[in-house]
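Trainee: Just a sequence and a predicted model for now, questions to come.
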Amino acid sequence: MNIYQIVALALPNSSGFKGARVLNTLYALELGATPLGIGLLLTTYALFPLIFAVYAGKVSDRYGVRIPLLAGMAGMALGIFLPFVWPVLPALYVAAAVTGAGFIFVQVSMQTLTGALGAGEARTRNFNLYALTIATADFVGPVFAGLLIDHAGHVRTYLYLSLFNVLALIGLLYLYRRIPPTGSKSEDRRQQRMMDLLKSAELRRIFIASAVVITGLDLFQLYMPLYGHSVGLSASAIGMVLGAFAAASFVVRAMLPMLVRRHGEEATLLYSLLLAAATCLLIPFFSSAVVLGAIAFVLGLGLGIGQPLTVILTYNQSPAGRAGEALGLRIAINNSIHVVVPAVFGAVGTLFGLAPVFWANSVFLAGGGYASRKSKKTGKT
């Protein structure tokens, strides 16, 4: 199997998932959900990834990625399709839970498989191509969702988006026997503990940086639709704003090898977080779709590079035979924050409006940049 076959599976699968997240938010608003209810809905997406992330990594390490990929993709397709046959608000929460559970097995397995295809520069190139694919899906999914909502309605859009995931599932079945057996049956596995990974200073720093980046990403992607809806933007316009963010992520990820060679990993991460913090402050001052699209593009330049950097560093710093577990732990830490943050910021949005959500996100990103700066001074990564 090669990286291009992985990309061919990841693109439709992630496009359906990212489009469904936007669709769920907008349909929940259509059904009368409050910002707090939206926050709880988005928290539901993170609940099962939090619970199963480390387990998914251990399964991938020990038995390989074939079964987790198959089960995860099937679960995602089912979760996205569910509101089409059960179009009520409670169904959105069930769909989010099912989709999130499937997503975590797919994500950990895909990252583990990508890392196993090569070493050194080849591994960095593979992870960068995978990250570019996810950035493309970040554009394709929301844009398609917005256009389909305006032309086919919310309920029918669930059917169309689920076809992306069905296509990925068919592709996986076709390539199933080509997936290499990446599992490792270590005799010492019973003595391995998750806390061993947290004792690594290098991994701890990577996990913290990753949590800052991913939280910033999610707060924008999850609350931008609410803000766009509040200022009267159409679903298509909201999709285009999110698409501008994704397009910038694609651009900056394509530049990742050059930026790292020129500035180093720590400085690149620092500058990107500071740029994102400054840009996020501007969002509540504008209501034009064009201006918000421009702001989203610059914000995407700042936030788009952090995720692939932290994935590469996590894989490289993980102990032998435990890359999947380390990647799963990284995701679990991220989602432990995501379980709390959407609900908390949903309450903030309900009480004080949406502007404080973006301003608090800016402070959070600046704090992450400051932490990176302190680490750099002490010579740490």
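Mentor: Yes, it's here. Model, not experiment: these values are computed from the prediction. Numbering: from 1, shown residues only.
Trainee: helices and strands of the protein: which one bottoms out on pLDDT?
Mentor: helix 355-377 (a mean of 72; mean pLDDT, DSSP states H and E).
Trainee: now the helices for the stretch 201-350 of the chain?
Mentor: 201-230, 235-254, 256-263, 265-280, 289-303, 306-317, 323-352 (DSSP state H, counting those that start in this stretch).
Trainee: Could you point out which of these sits nearest residue 61?
Mentor: Of all those, helix 323-352 sits nearest to residue 61, with 4.2 Å by C-beta to C-beta. The C-beta positions use only the backbone N, C-alpha and C, and glycine is treated the same way.
Trainee: The closest one: how far from the chain's middle?
Mentor: 11 Å (C-alpha atoms, centre = their mean, to the nearest Å).
Trainee: coming back round to it: nearest to residue 136, out of the helices of the stretch 201-350 of the chain?
Mentor: Nearest of these (C-beta to C-beta): helix 235-254, 6.0 Å.
Trainee: So what's the residue count around residue 160?
Mentor: Using other C-beta atoms under 10 Å, residue 160 is surrounded by 17 other residues.
Trainee: shouldn't it be in contact with residue 149?
Mentor: No: between residue 160 and residue 149 there is no contact under C-beta atoms under 8 Å: 10.1 Å.
Trainee: Who are the packing partners of the helix ranked longest in the chain?
Mentor: Ranked by residue count and defined by DSSP state H, the top helix of the chain is helix 121-152. Packing contacts for helix 121-152, counted by 3 or more C-beta pairs under 8 Å, 6 or more residues apart in numbering; DSSP states H and E, involve helix 3-30, helix 89-116, helix 154-175, helix 235-254, helix 256-263, helix 306-317.
Trainee: Of the helices of the stretch 201-350 of the chain, which is nearest residue 195?
Mentor: helix 323-352 (10.1 Å).
Trainee: Quick check: buried residues in the closest one?
Mentor: Residues of helix 323-352 classed as buried: 323-335, 337-339, 341-343, 345-346, 348-349 (neighbour count, 16 or more other C-beta atoms under 10 Å).
Trainee: helices or strands next to that helix in the packing?
Mentor: Helices and strands touching helix 323-352, by 3+ C-beta pairs under 8 Å, 6+ apart, are helix 35-63, helix 89-116, helix 194-198, helix 201-230, helix 306-317, helix 355-377.
Trainee: So for residue 259, which of those helices sits nearest?
Mentor: Nearest to residue 259, of these and by C-beta to C-beta, is helix 306-317 at 9.4 Å.
Trainee: Keeping just the C-alphas, turn the closest one into CSV.
Mentor: The C-alpha trace of helix 306-317 is given here as CSV (Å, rounded to 0.1, in the frame of the first residue of the first chain):
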residue,chain,number,x,y,z
GLY,A,306,0.1,23.1,14.0
GLN,A,307,-1.7,19.9,13.7
PRO,A,308,0.6,18.1,11.2
LEU,A,309,3.6,19.3,13.2
THR,A,310,2.4,17.8,16.4
VAL,A,311,1.3,14.5,14.7
ILE,A,312,4.8,14.1,13.2
LEU,A,313,6.5,14.9,16.5
THR,A,314,4.2,12.5,18.4
TYR,A,315,5.0,9.7,16.1
ASN,A,316,8.7,10.4,16.1
GLN,A,317,9.0,10.7,19.9
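Trainee: Which secondary structure elements does that helix sit against?
Mentor: Helix 306-317 packs on helix 89-116, helix 121-152, helix 201-230, helix 256-263, helix 265-280, helix 323-352, going by 3+ C-beta pairs under 8 Å, 6+ apart.
Trainee: now those in a markdown table, with mean pLDDT and distance to residue 9?
Mentor: Putting these into a markdown table (pLDDT from 0 to 100; distance: least, C-beta to C-beta, whole Å) gives the following:
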| stretch | mean pLDDT | distance to residue 9 |
| --- | --- | --- |
| helix 89-116 | 90 | 8 |
| helix 121-152 | 85 | 9 |
| helix 201-230 | 80 | 22 |
| helix 256-263 | 80 | 22 |
| helix 265-280 | 83 | 28 |
| helix 323-352 | 75 | 17 |
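Trainee: These: which one's closest to residue 247?
Mentor: Comparing the helices and strands packed on helix 306-317 under C-beta to C-beta, the one sitting nearest is helix 121-152, at 5.6 Å.
Trainee: can you give me the angle that closest one makes with helix 256-263?
Mentor: With axes from the mean of the first three to the mean of the last three C-alpha atoms, to 10 degrees applied, the angle from helix 121-152 to helix 256-263 works out at 130 degrees.
Trainee: Now do helix 121-152: distance to the chain's middle.
Mentor: On the basis of C-alpha atoms, centre = their mean, helix 121-152 sits 11 Å off its chain's mean C-alpha point.
Trainee: before we move on, what about stretch 96-114?
Mentor: Taking C-alpha atoms, centre = their mean, one finds stretch 96-114 lying 10 Å from the centre of the chain it belongs to.
Trainee: Same check on stretch 6-26?
Mentor: Relative to its chain's centre, stretch 6-26 lies at 10 Å (C-alpha atoms, centre = their mean).
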